[in-house]
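coords please:
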Amino acid sequence: MKYLIGLILLTSFNPTFSQETPKLMVGIVVDQMCYDYLYRFQSKFGPDGFNKIMNKGANCRNVNYNYVPTFTGPGHASIYTGTTPSNHGIVANDWYSNKEHRVINCVEDQKQLSVGTSSNEGQCSPLNLKTTTITDQLKMTYPQAKVISVSIKDRGAILPGGHLSDGSYWYDYASGNFITSTFFKKELPIWVKTFNEMGKVEDYMRSTWSTLYPIETYTESGPDNSVYEMLLAGKTKPEFPYDLNQVPRDKRFEVFPYTPFANSLLTDFALSALKQENLGKGKQTDFLCISYSTPDLVGHAFGPYSVELEDVYLRLDQNIAQLLKTLDKQLGKDAYTLFITADHAVVPVPQYLVDHNLPGGYLFLDKKVSALRQKVNEKFGVDFIQSIENLNVYFKQNLLDSLKIDQKQAEEFVAGYIQKWEGVKQVFTAYELLHSNPSNRYAKMVQNGFHPKESGSVLFILESGFLPKSRDTETAHKGTSHGSAFNYDTHVPLLWYGKNIRKQSVYRSIEITDISATLTHFLNLQRTGAMTGEPIVELLEKDD
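Numbering: from 1, shown residues only. Next up, the predicted model:
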């Protein structure tokens, strides 16, 4: 009997009876990727990139963001924490800090120093991230595990890697090198220095960006020379080819991330990290985070129906194929698990919508905010509007308190005035968001994106197809952006591939916060501190 009990206890704690974890988890975030890009460009994708993952992996086809604003910082934070800005605190890329009385960047940390550059672009850390990431949880549970995170954007590298990253690296617009901060490293590892010394950016900027295939075959896009597109430095028209050697020398490092070659550079850098950091070769699962920033930069400048954007994705497909091939070769086809998603999608260029009699337009804030300040002054005898950032109205809180102006009354007055603006869909007060449990979808998304210490006193969202702009200029009508609660911004791809992943399509509604909740089971981890997402059970179920 004692032998039987001992055998039961032994088998109960034998790790071979649980799902075997991969040697490496690879998380890929494509900055600004609409769900439909997988299908619009599919016929031109090769067999070994996106198509390979779609044909052999799991495709979650109804994944949406469950909060606003849908920006890069909140997106990366939500993917890797498994919760919304209401908990992790990254309410935008930049916001007005009531504590510091100025606009701050989501990953800025002035106590840190740049490592690898003389510029200040390394003064960053996950200081503003108020909860732990799935990568933090991995490091806390298995200290021997390695976490490496890379991106062109600082926030694209820092937020996924979390607080305990073994190395988070991003692109320096001043030098064209990959850098980090003293929060992570006192100096760059030798392999990073060696990579930087190769001078790849300079080589790319002596080349020409032409379309990967004959330009007449880009039928999934609009005309090449479009009035809705911005210009790259050194160009007089937004059209191919782009002779990068013509870019002024003092602008080359700034322009480079707007070319598809930045995706290639980042892929090479990630693969160098894979090899030099011996990822996937230890006893515990390692985690490699890759965030491709260039699709967002190109999408902003040229829009989702541009030839430039299509070419970026056709070339990114080749980068994904290169990544898969190298992972198969260095680790083995059943040694890693990979997911691909996006931090947000994008709205079509609003001026295009207007010109084609589709719903959309612009809300120009300069004159409207001036009028708002005047009305506030008339009502309360003082202008207590501090700043408007990301459709958040911040009050001069000390002024309100000193004059004993009722906070709720002030919020309601400002909200009522803004609600009358053309293009505004709905306005919310901080009091309302803190004291209600809304059933309205958009109100719930605003509430999920609201943090009482970081958000404004009044928040508003615009009608579908509208973008906020500071003032009405010619360039304001070119290019596009994102940030709304509408499906064109919230609906993103989610693909899974590799170990423990079986081919399937999942059509039910999934929230972006469910990714990390699923990863906890793939990696046998405790749920992270503030996680609110739920696991995608279809990915965890085994065939009979």
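
contacts and neighbour counts: CA atoms only from here.
Noted.

can you give me the strands in the stretch 301-450 of the chain?
Assigned by DSSP state E, counting those that start in this stretch, the strands in the stretch 301-450 of the chain fall at 336-342, 361-364, 385-389, 392-395, 424-429.

residues in contact with the third one?
Residues from elsewhere that reach strand 385-389, judged by CA atoms under 8 Å, 6 or more residues apart in numbering: 94, 95, 96, 373, 393, 394, 395, 396.

strands paired with it, and their directions?
Sheet pairing here is set by DSSP bridges, and for strand 385-389 it gives strand 392-395 (antiparallel).

and the strand it pairs with, what's its mean pLDDT?
Mean pLDDT, taken over the full extent of strand 392-395, equals 98.

send me it as CSV with only the CA atoms.
Coordinates of each C-alpha in strand 392-395 appear next as CSV, following Å, rounded to 0.1, in the frame of the first residue of the first chain:
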residue,chain,number,x,y,z
ASN,A,392,-8.0,63.3,-22.8
VAL,A,393,-8.7,66.7,-21.2
TYR,A,394,-6.3,67.3,-18.2
PHE,A,395,-7.3,69.8,-15.6
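
could you pull out the buried residues of that strand?
Under the neighbour-count criterion of 16 or more other CA atoms under 10 Å, strand 392-395 has 392, 393, 394, 395 buried.

from those, which two are the most distant?
The widest separation within the buried residues of strand 392-395, taken as CA to CA, falls between 392 and 395 and amounts to 9.7 Å.

how about the helices in the stretch 51-200 of the chain?
72-81, 85-88, 134-141, 154-161, 190-197, 200-204 (DSSP state H, counting those that start in this stretch).

figure out which of those helices is closest to residue 337.
Go through these one by one with CA to CA and the one that ends up closest to residue 337 is helix 134-141, at 14.5 Å.

contacts for that closest one?
Helix 134-141 is contacted by residues 80-82, 145-147, 160-165, 287, 516, 519-520, 523, 525-528 when judged by CA under 8 Å, 6+ apart.

and for residue 232, the neighbour number?
Each residue near residue 232 was counted by other CA atoms under 10 Å, and the total is 19.

quick one: contacts for it?
Counting by CA under 8 Å, 6+ apart, residue 232 has contacts 238, 255.

what strand or helix carries it?
Counting by DSSP states H and E, there is no helix or strand that carries residue 232.

residue ranges in this structure under the pLDDT threshold?
Where the chain drops to pLDDT under 70, the residues are 1-19, 543-544.

for the longest helix that the chain contains, enumerate the helices and strands it packs against.
In terms of residue count, the longest helix belonging to the chain (DSSP state H) is helix 307-330. In terms of contacts (3 or more CA pairs under 8 Å, 6 or more residues apart in numbering; DSSP states H and E), helix 307-330 is packed against helix 50-56, helix 261-276, helix 294-302.

dump those into TSV; add mean neighbour count and distance to residue 110 as well.
As requested, the helices and strands packed on helix 307-330 are arranged in TSV below (neighbours: other CA atoms under 10 Å; distance: least, CA to CA, whole Å):
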stretch	mean neighbour count	distance to residue 110
helix 50-56	18	39
helix 261-276	20	26
helix 294-302	25	25
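
follow-up on the earlier one: are any of the contacts of helix 134-141 buried, and which?
Buried residues within those, defined by neighbour count using 16+ other CA under 10 Å: 80-82, 145-147, 160-165, 287, 516, 519-520, 523, 525, 527-528.

that older thread, between the contacts of strand 385-389, which is nearest residue 236?
Comparing these against residue 236 with CA to CA picks out residue 94 as the nearest, at 31.4 Å.

so what's the residue count around that closest one?
The tally of other residues near residue 94 (other CA under 10 Å) stands at 17.

what of residue 435?
Neighbouring residues of residue 435 were enumerated by other CA under 10 Å; the total is 8.

same deal with residue 341?
Residues near residue 341, counting by other CA under 10 Å: 25.

quick one: contacts for it?
Residues counted as contacts of residue 341 (CA under 8 Å, 6+ apart) are 28, 29, 30, 33, 492, 493, 494, 495.

where strands are concerned, which of these count?
The strands in this structure, assigned by DSSP state E, contain 28, 29, 30, 492, 494, 495 from the contacts of residue 341.

which of these sit farthest apart?
Greatest spacing in those, by CA to CA: 28 and 492 (12.9 Å).

the two - which one has more neighbours?
More neighbours sit around residue 492 than around the other of residue 28 and residue 492, counting by other CA under 10 Å; the figures are 29 against 22.

excluding chain neighbours, what is closest to the more buried one?
residue 35 (4.5 Å; CA to CA, 6 or more residues apart in numbering).

next up, the contacts around that neighbour.
Counting by CA under 8 Å, 6+ apart, the residues that residue 35 touches are 61, 345, 491, 492, 493.

just among the residues you listed, which is most surrounded?
residue 345 (32 neighbours).

can you pull the contacts of that residue?
Residue 345 makes contact with 31, 32, 33, 34, 35, 482, 488, 489, 490, 491, 492 under the criterion CA under 8 Å, 6+ apart.

hmm, the third one is touching residue 494, no?
Spelled out, it's residue 33. No. Here residue 33 does not reach residue 494: they are 10.4 Å apart, not a contact under CA atoms under 8 Å.

any shared contact partners between these two?
What both residue 33 and residue 494 touch, as defined by CA under 8 Å, 6+ apart, is the set 341, 342.

still on that earlier bit, just put the contacts of strand 385-389 in a markdown table and tack on distance to residue 328.
Listed next are these as a markdown table, based on distance: CA to CA, whole Å:
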| residue | distance to residue 328 |
| --- | --- |
| 94 | 39 |
| 95 | 42 |
| 96 | 45 |
| 373 | 60 |
| 393 | 50 |
| 394 | 51 |
| 395 | 54 |
| 396 | 56 |
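
of all those residues, which two lie farthest apart?
Comparing all pairs in these by CA to CA, the longest separation belongs to 94 and 373, at 22.4 Å.

test my guess that residue 145 contacts residue 280.
No. Under the criterion of CA under 8 Å, residue 145 is not in contact with residue 280, lying 9.0 Å apart.

one step back: in JSON lines, list the buried residues of strand 392-395 along with distance to residue 66.
Formatted as JSON lines, the entries for the buried residues of strand 392-395 read as follows, by distance: CA to CA, whole Å:
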{"residue": "392", "distance to residue 66": "18"}
{"residue": "393", "distance to residue 66": "22"}
{"residue": "394", "distance to residue 66": "23"}
{"residue": "395", "distance to residue 66": "26"}
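
which of the residues you listed sits closest to residue 275?
In terms of CA to CA, no member of these lies closer to residue 275 than residue 392, at 44.4 Å.

residues touching the closest one, list them.
Taking CA under 8 Å, 6+ apart as the contact definition, residue 392 lies against 455, 456, 457, 458, 459, 460.

ok, 6 Å please
By CA atoms under 6 Å, 6 or more residues apart in numbering, the residues touching residue 392 are 456, 458, 459.

same check, this time on residue 291
Under the criterion of CA under 6 Å, 6+ apart, the contact list for residue 291 reads 28, 29, 30, 151, 156.

go through the contacts of residue 392 and say which is closest to residue 170.
Top of the list for closeness to residue 170, among those and by CA to CA, is residue 456 at 29.8 Å.

which secondary structure state is assigned to the closest one?
When the structure is reduced to helix, strand and coil (DSSP: H, G, I helix; E, B strand; the rest coil), residue 456 reads as coil.
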